[in-house]
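Visitor: any chance you could fold what I've pasted below:
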Amino acid sequence: MKMREMCAADRPREKMMERGPGGLGNAELLAVLLRTGNREESAVELAQKLLKMADGSLVRLFGWNAAKLCSMPGIGPYKAAGVLAAFELGRRFLQEGAPVEKRPLLTPRMIYDLMAPVLKGLDHEECWVLGFNVSCYLVGRQKLTQGAMNSTAIDSRQVLKAALDWGAHSVVLMHNHPSGNPRPGPEDIRQTERVKQACSAFGIQLSDHIVFCDDSFFSFADDRPYSAQH
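Guide: The predicted structure is shown next:
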């Protein structure tokens, strides 16, 4: 059914203006971003197909790039750009809104929760360094590298430069495993040891290295995996 053939109260944009965005389902919100459908389908039907491709998972959809979105008939560069822009704004909102700088981060889970808006749903590996003062307050965080789906390199010099610029007492490394397996591999272990030794030479403590997955994480400090559920 074409959008113009729908009752005005059922059209996503009109419905959102009347009820607010919280009154729309996921497919309807996506339809607002897509704006139009194609010759055979309305924007809502196109959005429903898009969600089905992602197995109904917004997390999975959130990690798609432009090429993946454009692989679906009816979604070209302009529609894909609108969806990607909305997702990126959401990611930045979550990062900006986190009040973690006002409290000490004392556990791996607290750091995992801090970085979840940044790393959740990614289809490639990223490595980040977080700096802390002597009271465990966050004084800085920086993305070090962005790698392929199953690998990323950690440069000890970048870690040290960031820590020294922040005047950090300690640092935590964090990188994600898009595969969903939080267990560190041999190269993760080797790179962690190299960074630990480099930091120690400058009187900076590498207090943890956390391997992030969407539903779990591994803490080097505790030498064990955790479920992301509290």
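
Visitor: please name the nearest non-neighbouring residue to L24.
Guide: Spatial nearest neighbour of L24, excluding adjacent residues (C-beta to C-beta, 6 or more residues apart in numbering): M16 at 5.6 Å. (C-beta placed from N, C-alpha, C; glycine too.)

Visitor: that neighbour against G23, yeah?
Guide: Yes - counting by C-beta atoms under 8 Å, M16 does reach G23; the two are 7.1 Å apart.

Visitor: give me the secondary structure label for the residue nearest to L24.
Guide: Counting by DSSP: H, G, I helix; E, B strand; the rest coil, the backbone at M16 sits in helix.

Visitor: count the neighbours of it for me.
Guide: 17 (other C-beta atoms under 10 Å).

Visitor: quick one: name whatever helix or strand follows the longest helix along the chain.
Guide: With secondary structure taken from DSSP state H, the chain has its longest helix at helix 77-97. Moving toward the C-terminus from helix 77-97, the next helix or strand (DSSP states H and E) is helix 108-119.

Visitor: buried sites along that next one?
Guide: Residues of helix 108-119 classed as buried under the neighbour-count rule (16 or more other C-beta atoms under 10 Å) are P108, R109, I111, Y112, D113, L114, M115, A116, P117, V118, L119.

Visitor: tell me who's in contact with the third one.
Guide: Residues counted as contacts of I111 (C-beta atoms under 8 Å, 6 or more residues apart in numbering) are L105, L130, V172, M174, D208, I210.
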